[in-house]
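Enquirer: How does the following fold in three dimensions:
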Amino acid sequence: LIDLYEESQPSSERLNAFRELRTQLEKALYLPEMEALKKQILQIPNKGSGAARFLLRTAMNEMAGKTSESTADLIRFALQDTVISAPFRGYAGAIPEAIDFPVKYVIEDISVFDKIQTNYWELPAYESWNEGSNSALLPGLLRESQSKGMLSKCRIIENSLYIGHSYEEMFYSISPYSNQVGGPYELYPFTFFSMLQEVQGDLGFEQAFATRNFFNTLVSDRLSLMENTMLLTESFDYTPCDAIYGDINYDEQFAAMSINERIEKCMNTYR
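Expert: Numbering: from 1, shown residues only. As a prediction, this is how the structure comes out:
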């Protein structure tokens, strides 16, 4: 929060007090022997998010001997991950009381849809709607989609769009990937999803529109998944795998192969 305030109010007279508070908080959170860890965590742009809390907890458990040595690998993962390593630029405002579902994304002003390249309201399918902009088209897309049982957790209130579906949920339910051409949800949800993809820009949907709570949860879930993967890998019995693949020098063979040829080689060896 202090970082966000510093970024949005660079000339505020309160900054010195907030910076001192940040220093005191960091001293309280990080023991002297955790100085190296603190420097690594503070490299993560979202250090105020779930990443810092998760990594700090993991480090303290590791120091207490409760878990294996995974903190360093998790920090490397956090610094390289496309979501965790990018500064949070999403929504940090209030959610209207009228919203009856947990909100994951907020597009504060639907007029941003009028700035994208494609004029969806001009497509032949929507000529009879007589809308003059993408933002004017949006309520109708939601109405028609919801009449088919789709996008039930989407609502427009005072020109802001509130979305309770995760991006992955929408991708696997209303995108061309999930429905064949001519399927029951081809038109209205597809148009809505295409507009979302276009409006997210270079930031990506999480950075551009996620709420702070959802983004923190997303960060923690990604770190937790990686931590569990490390634990599974650590205890995995590689003996059967080595019996099949252990004597093959894949580095030399794979150098001259395409991806498909490499996969085929592995599958043929396994058989």
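Enquirer: May I see the domains of this structure written out as residue ranges?
Expert: 2-88, 105-209, 239-270 (automatic domain parsing).
Enquirer: Could you tell me the least trusted of these?
Expert: The minimum mean pLDDT among those belongs to domain 2-88 (a mean of 66).
Enquirer: can you point me to the longest helix in this protein?
Expert: Ranked by number of residues, the top helix in the chain under DSSP state H is helix 212-235.
Enquirer: what's it in contact with?
Expert: 46, 49-51, 53-55, 58, 68, 70, 73-74, 77-78, 81, 83-84, 88, 90-92, 102-105, 206, 210 (CB atoms under 8 Å, 6 or more residues apart in numbering). C-beta coordinates here come from the backbone N, C-alpha and C atoms, glycine included.
Enquirer: try stretch 107-127
Expert: With CB under 8 Å, 6+ apart, stretch 107-127 has contacts from 91, 93, 129, 131-138, 140, 156, 159-161, 163, 187, 191, 194-195, 198-199, 209.
Enquirer: could you redo the last one with a cut-off of 6 Å?
Expert: By CB atoms under 6 Å, 6 or more residues apart in numbering, the list of residues contacting stretch 107-127 from outside reads 131, 133-135, 137-138, 159-161, 187, 191, 195, 198-199, 209.
Enquirer: Endpoints of it, how far apart?
Expert: 26 Å (CA to CA, to the nearest Å).
Enquirer: in that stretch, what's buried?
Expert: 107, 110, 112-114, 116, 120-121, 126 (16 or more other CB atoms under 10 Å).
Enquirer: And the strands in this protein?
Expert: 105-107, 154-157, 160-163 (DSSP state E).
Enquirer: could I get the ones you listed as a markdown table with distance to residue 176?
Expert: Listed next are the strands of the chain as a markdown table, based on distance: least, CB to CB, whole Å:
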| stretch | distance to residue 176 |
| --- | --- |
| strand 105-107 | 20 |
| strand 154-157 | 19 |
| strand 160-163 | 19 |
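Enquirer: can you give me the helices for the stretch 151-271 of the chain?
Expert: Along the stretch 151-271 of the chain, the segments classed as helices by DSSP state H, counting those that start in this stretch run 167-174, 188-199, 205-209, 212-235, 239-245, 250-254, 259-270.
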